[in-house]
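**Q** Show me the folded form of this:
(one chain, ligands or ions: 1)
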Amino acid sequence: MERVSAHKEVDQIWNACLSVIQQHIPDQSFRTWFEPIRPLKLYGKVLTIQVPSQFFYEWLEDNYVNLLRKALDYAIGRDGLLEYSIIVDKGNEKHQPLTMNVSTPKSPNYSKPDNFATDPRMGSIIKLKDHDSMNLDTYLNPNYSFDNFIEGDCNRLARSAGFAVAQRPGLTSFNPLMMYGGVGLGKTHLVQAIGNYIMNHFDNKLVLYVSSEKFTNQFINSIKNNTLQDFTDFYMKVDVLAIDDVQFLSGKEKTQDTFFHIFNHLHQLGKQIIMTSDRPPRELVGLQDRLLSRFKWGLTADLQTPDFETRIAIIQKKIQSEGISIDYDVIEYVAHSVNSNVRELEGVIVSLMAQASLTRREIDVELAKNTLRNIVMNEDKEVTIDTIQEVIADYFQVTIADLKSKSRKKEVVYPRQLAMFLAKEYTELPLKSIGYHFGGRDHSTVIHSIQSINLLMDETPDVEETLQKLRSYFK
Ligand SMILES: Nc1ncnc2c1ncn2[C@@H]1O[C@H](COP(=O)(O)OP(=O)(O)OP(=O)(O)O)[C@@H](O)[C@H]1O
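**A** Numbers count the residues shown, from 1 in each chain. The predicted structure follows:
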């Protein structure tokens, strides 16, 4: 029967491994890559060792797999297996280090140890389970794909270029591919979709996704630990390097030097580089000119705030993926009310569903209104168009229905125009959406209302005074 061995035995086995390893590599490498390893347990013929990071694990797999095999043969026998437990660095968050036990599927090549020698990756002793790898930010999140990325005018170029790159990595003129855009507009989604596509369609391509922050931290650690060469060698081996949020490299001269070096090496070998940034290259202050000029060698594509139709499609996709259905008038209401970015849009849908299930209510426009109002209140942000309408209706003693009606009565027209004027001032909604909230008027009516108020302000001082009073309700 298999059993977990006592500590002493585990240590002995690992020391036997180390004695083999030490004979084959320089002292410096031994100290760097083997001394930090802690033997944890021996279960039958499976030895579990703890390694300090994902990067460390990969490094061992890439560089020392044959040697580890040899050491296991000696210490346990040919059927000895190795299991890694990786400490995931949680940065400054106060979490216990998460230890992941990586399972040990027996490789089909296992019975032919010669394969290990010819292709270390093929014969890697251990492979990360896919669902485990999701937890590590050097890996890709399989939930991001081209299939669930909605295309619209706002992202068409970036999506098409991304898809072309995914189909022929390193072979298109889009190298590097640089995608930029504001918060929550889909940069990470797209870059990960490219990575996932390549992983799923090319067996032998090594894809690495890394945030610039992580890259910088790894770089700093490699200097501290005297492993800079290992660090650069590691990056120079990949076939596809996806680096997120390059604006983070700004002002970090030494990190930029190393990135420059890696970039050139990969580019010369025809490897694919994909980058994202929150602003266009010309606005990346604090980045070296030589890097910036290289960013422009390939294609730069922007991601814009999604237009109304794209917002509708995104909401529909989201609710479909949640397996529910919502009436079109609710979808339309949300699409007309949230236009900042896709993350917020998704957030509203999630809150809406939570709200509905908590209060056991149907998802209708009324519920959507309440949800939005709560979100806005909690985030202490600008007022919603509904609040503006309520304040105006109350102030001028008209009804909200009047504001939305077709009535041309003077007592209604002026408040309605003021409400549209304030909606423009307080919300980020496009004119088309403002019009929607006023009984489906088109954007030219909204422009006309705003112009009328501007004209009136020039003519009558009262208007400015009224506006000030109304504004005081929103403070
Ligand atoms: N076109 C789209 N279709 C479907 N979902 C999208 C689209 N764009 C963004 N999303 C979703 O919106 C959310 C935010 O996107 P993502 O994290 O990629 O934004 P980002 O641009 O990287 O933002 P940040 O700069 O804040 O990291 C994700 O859940 C993503 O799946």
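
**Q** What are the buried residues along stretch 150-164?
**A** By neighbour count with 16 or more other CB atoms under 10 Å, stretch 150-164 contains the buried residues 150, 152, 154-155, 157-159, 161-164. For the C-beta atoms, the positions are set from N, CA and C on the backbone; glycine is no exception.

**Q** restrict the residues you listed to those near the ligand?
**A** Cross-checking the buried residues of stretch 150-164 against the ligand (CB under 6 Å from any ligand atom) gives 150, 155 as the overlapping residues.

**Q** Output the contacting helices and strands for the helix or strand hosting residue 455.
**A** When elements are defined using DSSP states H and E, residue 455 is found to belong to helix 443-459. Helices and strands touching helix 443-459, as assessed by 3 or more CB pairs under 8 Å, 6 or more residues apart in numbering; DSSP states H and E, comprise helix 410-426, helix 431-437, helix 461-472.

**Q** would JSON lines of the buried residues of stretch 150-164 with secondary structure and pLDDT be doable?
**A** What follows is these, written out as JSON lines (DSSP: H, G, I helix; E, B strand; the rest coil; pLDDT from 0 to 100):
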{"residue": "150", "secondary structure": "coil", "pLDDT": "96"}
{"residue": "152", "secondary structure": "coil", "pLDDT": "94"}
{"residue": "154", "secondary structure": "coil", "pLDDT": "94"}
{"residue": "155", "secondary structure": "coil", "pLDDT": "95"}
{"residue": "157", "secondary structure": "helix", "pLDDT": "95"}
{"residue": "158", "secondary structure": "helix", "pLDDT": "96"}
{"residue": "159", "secondary structure": "helix", "pLDDT": "96"}
{"residue": "161", "secondary structure": "helix", "pLDDT": "95"}
{"residue": "162", "secondary structure": "helix", "pLDDT": "97"}
{"residue": "163", "secondary structure": "helix", "pLDDT": "96"}
{"residue": "164", "secondary structure": "helix", "pLDDT": "95"}
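
**Q** what's the closest of the buried residues of stretch 150-164 to the ligand?
**A** Distance ranking of the buried residues of stretch 150-164 against the ligand, using CB to the nearest ligand atom, places residue 150 first at 3.6 Å.

**Q** That closest one: what's it in contact with?
**A** 306, 310, 313-314, 317 (CB atoms under 8 Å, 6 or more residues apart in numbering).

**Q** With residue 388 instead?
**A** Counting by CB under 8 Å, 6+ apart, residue 388 touches 419, 422-423, 426-427, 474.

**Q** Which of the helices and strands packed on helix 443-459 has the lowest mean pLDDT?
**A** Here the lowest mean pLDDT among these goes to helix 461-472, at a mean of 88.

**Q** got the CA coordinates for that helix in PDB?
**A** Taking only C-alpha atoms (Å, rounded to 0.1, in the frame of the first residue of the first chain), the coordinates of helix 461-472 have been written out as PDB:
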ATOM      1  CA  PRO A 461     -30.100  86.400 -16.000                       C
ATOM      2  CA  ASP A 462     -32.900  84.400 -14.300                       C
ATOM      3  CA  VAL A 463     -32.000  81.300 -16.200                       C
ATOM      4  CA  GLU A 464     -28.500  81.200 -14.800                       C
ATOM      5  CA  GLU A 465     -30.000  81.700 -11.300                       C
ATOM      6  CA  THR A 466     -32.500  78.900 -11.800                       C
ATOM      7  CA  LEU A 467     -29.800  76.600 -13.000                       C
ATOM      8  CA  GLN A 468     -27.700  77.300  -9.900                       C
ATOM      9  CA  LYS A 469     -30.700  76.500  -7.700                       C
ATOM     10  CA  LEU A 470     -31.300  73.200  -9.600                       C
ATOM     11  CA  ARG A 471     -27.600  72.300  -9.400                       C
ATOM     12  CA  SER A 472     -27.700  72.800  -5.600                       C
END
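
**Q** quick one: the nearest residue to residue 245 once chain neighbours are set aside and the ligand, what's the gap?
**A** Computed as CB to CB, 6 or more residues apart in numbering, the closest residue to residue 245 that is not its neighbour in sequence is residue 212, at 4.9 Å. Distance, residue 212 to the ligand, by CB to the nearest ligand atom, to the nearest Å: 11 Å.

**Q** just to revisit the earlier point, just the buried residues of the contacts of residue 388.
**A** Buried, going by 16+ other CB under 10 Å: 419, 422-423, 426-427, out of the contacts of residue 388.

**Q** Around the ligand, which positions in this protein sit nearby?
**A** Residues of the chain lying near the ligand by CB under 6 Å from any ligand atom: 148-150, 155, 181, 183-189, 278, 314, 342-343, 346.

**Q** Narrow those residues to those in strands?
**A** residue 181 (DSSP state E).

**Q** Counting neighbours, which of the contacts of residue 150 end up buried?
**A** Burial by neighbour count, judged by 16+ other CB under 10 Å, picks out 306, 310, 313-314 from these.

**Q** Nearest to residue 10, out of the residues you listed: which one, please.
**A** Of all the buried ones among the contacts of residue 150, residue 10 sits closest to residue 314, with 52.0 Å by CB to CB.

**Q** With adjacent residues omitted, what lies nearest to the closest one?
**A** Nearest-residue entry for residue 314: residue 150, 4.9 Å, with adjacent residues in sequence omitted and distances by CB to CB, 6+ apart.

**Q** how close does the nearest residue to residue 388 once chain neighbours are set aside get to residue 384?
**A** Closest residue to residue 388 apart from its sequence neighbours, by CB to CB, 6+ apart: residue 422 at 5.0 Å. Residue 422 is 11 Å from residue 384, where distance means CB to CB, to the nearest Å.

**Q** Spell out the residue ranges of the strands in this structure.
**A** For the chain, the strands defined by DSSP E occupy 38-43, 46-51, 81-88, 98-101, 177-181, 207-211, 240-244, 272-277, 299-303.

**Q** If I average pLDDT within each of those strands, which one is lowest?
**A** With a mean of 31, strand 98-101 has the lowest mean pLDDT of those.

**Q** From the contacts of residue 388, pick the one nearest the ligand.
**A** Out of these, the one with the shortest distance to the ligand is residue 427. That distance is 20.7 Å, counting by CB to the nearest ligand atom.

**Q** Show me where the stretch 151-300 of the chain dips below the pLDDT cut-off.
**A** Residue ranges of the stretch 151-300 of the chain with pLDDT under 70: none are present.

**Q** residue in it nearest to the ligand?
**A** Nearest residue of the stretch 151-300 of the chain to the ligand: residue 186, at 2.7 Å (CB to the nearest ligand atom).

**Q** isn't that residue right up against residue 155?
**A** Yes - taking CB atoms under 8 Å as the contact criterion, residue 186 and residue 155 are neighbours in contact, 6.2 Å apart.

**Q** and for the two, which residues touch both?
**A** Shared contacts of residue 186 and residue 155, defined by CB under 8 Å, 6+ apart, comprise 149, 303.

**Q** For burial, what's the neighbour tally of residue 460?
**A** Counted with other CB atoms under 10 Å, the neighbours of residue 460 add up to 11.
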